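1. model the following, please.
(2 chains)
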Number of protein chains: 2
Amino acid sequence: MSSSSPAPESPVLATARRAKEAAGLLAPLPRTARDAALTAVADALEARSEEVVRANAEDIARAREAGTPEAIVDRLTLTPERISAIAADVRDVIALPDPVGEVVRGSTLPNGLELRQVRVPLGVVGIIYEARPNVTVDAAALCLKSGNAVLLRGSSSAYASNTALVAVLRDAVEKAGLPADAVQLVPGESRDSVRELMRARGLVDVLIPRGGASLIRTVVNESTVPVIETGTGNCHVYVDEHADLDMAVRILVNSKAQRPSVCNAAETVLVHAGIAERFLPAALAALTEAGVTVHGDAAWRAAGTAAGVEVIPATDADWGTEYLSYDIAAAVVPDLDAAVAHIRRWTSGHTEAIVTKDTAAARRFVSRVDSTAVMVNASTRFTDGGQFGFGAEIGISTQKLHARGPMGLPELTSTTYVVTGDGHTRG
Amino acid sequence: MSSSSPAPESPVLATARRAKEAAGLLAPLPRTARDAALTAVADALEARSEEVVRANAEDIARAREAGTPEAIVDRLTLTPERISAIAADVRDVIALPDPVGEVVRGSTLPNGLELRQVRVPLGVVGIIYEARPNVTVDAAALCLKSGNAVLLRGSSSAYASNTALVAVLRDAVEKAGLPADAVQLVPGESRDSVRELMRARGLVDVLIPRGGASLIRTVVNESTVPVIETGTGNCHVYVDEHADLDMAVRILVNSKAQRPSVCNAAETVLVHAGIAERFLPAALAALTEAGVTVHGDAAWRAAGTAAGVEVIPATDADWGTEYLSYDIAAAVVPDLDAAVAHIRRWTSGHTEAIVTKDTAAARRFVSRVDSTAVMVNASTRFTDGGQFGFGAEIGISTQKLHARGPMGLPELTSTTYVVTGDGHTRG
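-> All right, here's what the predicted structure looks like:
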C-alpha cells in the first residue's frame, strides 16, 4: 500500500520492489502461461541437475568442515535422483486445480449490480526457511502456480545450492515468457537481510517462516509485513474413560513415535483417571518398546515403578515442550474437562486427538479445544496437506487468521470483489 | 498460544485474560444461546436508555467545553430514539445466518477418515475505534453473534457513554447466562492502554482498528497481535476512451460527492486522453455544481481556464491524499495501462472504478488493478457490507490476508479441521 520508496534503497528492498513489479505482470496471466512456466522449470531442473549438484557439493563441504551431523548433511544433499524427484513434485503441482479466478461468492444485488468475489494471487510471498534446498523449488512452484512472485530466503548453509537452483528456475521462467523476477533469492547471508525483509511492508504481502520455533517467534514478533505462523506443534493425545484400550495404545504410539521429528507428532498424553489403571501399564509397555521415554506425573511414575520402567518426573516445562524426539509428557486427569483445560493452557494450537467410544465425549472435546485440527480416534500425524488430499503444502498454519491448518494453493490467494453495473450510483 | 503470564499483570492484560476465558466458554454455545443474549441486549438498551443518555451528556458537556465542532458533537450524541435504532440494529444481527459451525470443506479421505473444515469463533476480538458510541454496541453484537469475546477500546471522548453502554451490555449478557466478560471495555483512557492491547499476543486473537489513517498506521506498525487493516480509501475513477459520457459524469460525481467523508468516496479521477476533450468540460461543470474543488494536471487546468473554473495545480501529494472532503485530484492519462500504473502506484487498495462500454477494457482493468473492489460502470460508493447484502459490517479490510473488503460475520471466524476415524494410524 505504501507509495514512496526509501532512499537509498538496500539490495533486499530493491529485490522486493522487483518482485512487486513481477507480481503485477503475473496476476493477469491465464493458467496456461503459469503451467507452461512450471513445465519449463521441471524440465530445466533435470537438464541442469549436474550444475546444481556441483553447487550443492560446496554446501556439503562447508557443512562437513563445520562438523555438521551427518543426518543434517543428508537433508542438505542433492543428487540427480533427488533432483528428478523434485522435478516430479513440480509436475504434480501443475496438475492441481487453479485457485486463481475461482468465484468464492457471487450474487445479483437487488439493484441489479452483479457482485462476484474472485480469488486473486496474494502478490509477493516471502518464504524464510531452513536447511533443505528442496523447499526452494517446492515453494517457488506453489507460488508460481497461484500467480504469486516469491522471495526465497533459505538458510546460509544451503546458499550455494539455493543460488544454483534459483538460477535454473529464473532462466526457465523467463524462457517461458514470464518475468524472471517472479522467483528471487533474497540477497545476503546474514540475519540483516531477514530483518529487512520483515520491514518491507507494502512491497511484500505475506511472510511465511518455515523452520524452528525460534525462527518463527522472531519473525512473528519483529515483522511489520503480515506473517502466517507455521508449524510449532505441541500436540496432545487424550485417552478418554470410554476409549478402546488397544486403539488408544496404537494411536498414542503412532502419534508419538511414527516420526517424532515433525510438528504433528504428539508431545503429551493425558489419560482419564477412570481408565488409567488399565491403560498406563499397556501404554508404558508399548511406548518403551517404541523407544519412547516418558516424563510423567505421580500416577505415571507409580505405574512405571510397578512395571519396572523408568518414568522421569515431569515439570511444567515438560507440558510446554515440543520435544521433537522420542520423549513424551504424560499425566492422568480427573475428567475430560480437565484434559481440555490442560490442553488450552499448554497447547501450541496445532493438533489434539481424543480416543473414545463415547460420541458425547468426542463432541464435547471437539467443541472445547481450540486448535488447528482435532482428531477423533485417529493419530495426530494426519494433520498434513498430503494426507488431507490438498496435493501440496507450503506449511501448516497454527494461527487463526487467513489460513489455519495445512496451506495449499487456495491459501496462497486473496480475493477481490468485482462489481458490474450499467451506470449505478448510490442515492 | 503463549502459556505463561507476565507478572505483575496490568489491568489491560488482566482484562484480556478474562476475555480469553470467556471466549472458551462462548465457543461451544449453540446459536440459540447467543441469540438469546443479543435479544437481552436489545431489550436492555431500550429499557435503560435514560441512564445511557445521562452518561452521554457528560461526554457532550466535555466535548463542548473543549470546543469540539458541532458536527462531531452530533456524532457523539445519543438520544432515546438513537438508542432504539441501535437496539433495532442488534435485532437485525440476530436474524443473520449463524457463521459458527458452517462446514466450509469436507470429504471422506481414501483411507476412510472423515475430514471437515468447520467455522469456529476467532476467540478474542479487539476493536479500537474513534468517536461514535454506536460502534460499541454494533461491534459487541457482531462479536457475540459470531461467538467471540470482544475487547472495546473506544475514544476517550466517548468514555462515559461507552462505560454506560458496556455496563448495560454486560448485565444483559450475564442475565442471559453468558459470561459478562464476553463484553469488556479496555480500562484506561490513555494511549498506553492501546499499546498494551497491541502487545497482548496469545490473549487477543485479532485487533481491528477503525478510524483515521494515523490510528490505523500506528496499530499496524506496533501490534504483535495480528491486525486487520481497515478503511483507508484513496479510491480512483477511471474514465475510459470508450465511456458513455453522461454515465461517466454521473458515476464520478456520485463517487466523489454523494458522501465525501467516507472511505469509499473517490479521491482521484483519471481520464483517457482520447475522451478528455469532451469529458473534461462536462465533468468540471458537474463537479463545480456539486461543490467539488479540482486539483488537476496541466490538461485539467487548461480545461478549467477554458471553462472559467479554477483548477488547483496537483502535486504528487494530491495523488496520495485521501481528502475525505469536496476535493478531487484529476489527471489525463495516455491510455488504460497508464491509468492502471497510476492506480497501482498511489492507491490505498480500497476501491477503483472504470467507466467504459468496451468489455476488453473492463476485463483488462479488472485483472490489472490490485484493490479490494473494482467497479465496472458503477460508483465507488457501493463498497459497503450493507450494499453487498452482508447485513452487517465490522469494517472494510484493505489488506489481503484473512479478509478483504467489507467484513461480515464469516470474517469474524476462523476454521478448524475435525477428522474422525476408527483407530486410524499412519503407516
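2. for chain B, tell me whether the one helix or strand in chain A whose mean pLDDT sits lowest is touching it.
-> Ranking every helix and strand in chain A by mean pLDDT, DSSP states H and E puts helix A:213-222 at the bottom, with a mean of 84. Yes. Helix A:213-222 is in contact with chain B by Cβ under 8 Å from any Cβ of the partner chain, via A:V220, A:N221. For every residue, glycine as well, the C-beta is placed using N, CA and C.
3. kindly export the helix or strand just after that helix (C-alpha atoms) in CSV.
-> Proceeding N to C from helix A:213-222, the next assigned helix or strand is strand A:235-239, under DSSP states H and E. Extracted in CSV, the C-alpha atoms of strand A:235-239 (Å, rounded to 0.1, in the frame of the first residue of the first chain):
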residue,chain,number,x,y,z
CYS,A,235,0.2,-31.9,20.2
HIS,A,236,-1.8,-33.9,22.7
VAL,A,237,-3.4,-37.3,22.8
TYR,A,238,-6.3,-37.6,25.3
VAL,A,239,-7.4,-41.1,26.2
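4. now do the contacts for the closest residue to chain B within the stretch 151-300 of chain A.
-> Nearest to chain B in the stretch 151-300 of chain A, going by Cβ to the nearest Cβ, is A:N254, at a distance of 3.6 Å. The contact partners of A:N254, by Cβ atoms under 8 Å, 6 or more residues apart in numbering or on different chains, come to A:S379, A:R381, B:T425, B:R426.
5. now with 6 Å, please.
-> The neighbourhood of A:N254, defined by Cβ atoms under 6 Å, 6 or more residues apart in numbering or on different chains, consists of A:S379, B:T425.
6. phi and psi next, for whichever residue of the stretch 1-150 of chain A sits closest to chain B.
-> Relative to chain B, the nearest point of the stretch 1-150 of chain A is A:P28 (3.9 Å; Cβ to the nearest Cβ). Backbone torsions of A:P28, given as degrees, to the nearest 10, read phi -80, psi 0.
7. likewise for A:A71?
-> Per degrees, to the nearest 10, the backbone of A:A71 is at phi -60, psi -40.
8. that one - how many residues pack around it?
-> Neighbourhood size, A:A71 [other Cβ atoms under 10 Å in any protein chain shown]: 9.
9. I figured the residue of the stretch 1-150 of chain A closest to chain B was touching B:S367, is that so?
-> Yes. At 3.9 Å, A:P28 and B:S367 qualify as touching, with contact defined as Cβ atoms under 6 Å.
10. overlap of the contact sets of those two?
-> Here A:P28 and B:S367 have no joint contacts, going by Cβ under 6 Å, 6+ apart.
11. need the pLDDT of the residue of the stretch 1-150 of chain A closest to chain B.
-> The model reports A:P28 with a pLDDT of 95.
12. what sits against it?
-> So A:P28 contacts B:S367, B:R368 (Cβ under 6 Å, 6+ apart).
13. correct me if wrong, but A:V418 is in a helix.
-> No. Residue state for A:V418 (DSSP: H, G, I helix; E, B strand; the rest coil) corresponds to strand; a helix is not indicated.
14. quick one: it and A:R116 touch, right?
-> Yes. If you go by Cβ under 6 Å, A:V418 and A:R116 touch, sitting 4.8 Å apart.
15. same drill for those two, tell me which one is more crowded.
-> It is A:V418, of A:V418 and A:R116, that has more neighbours when counted by other Cβ under 10 Å, with 20 against 17.
16. name whatever forms a beta bridge with the more buried one.
-> In this entry, A:V418 is beta-bridged to A:R116, B:V374, by DSSP bridges.
17. quick check: it vs A:G101, distance?
-> 11 Å (Cβ to Cβ, to the nearest Å).
18. hang on, the earlier thing: SS state for the residue of the stretch 151-300 of chain A closest to chain B?
-> Secondary structure, three-state DSSP: A:N254 is helix.
19. how much space between it and B:T416?
-> 21 Å.
20. check A:D316 too.
-> Separation of A:D316 from B:T416 (Cβ to Cβ): 26 Å.
21. quick check: A:E174 is in a strand.
-> No. Going by three-state DSSP, the assignment for A:E174 is helix, not a strand.
22. dump the residue contacts of the residue nearest to it when sequence neighbours are not counted.
-> The shortest distance from A:E174 to any non-neighbouring residue, by Cβ to Cβ, 6 or more residues apart in numbering or on different chains, is to A:A180 (4.2 Å). Contacts for A:A180 were tallied using Cβ under 6 Å, 6+ apart; they are A:R170, A:V173, A:E174.
23. please consider this matter closed, and thank you.
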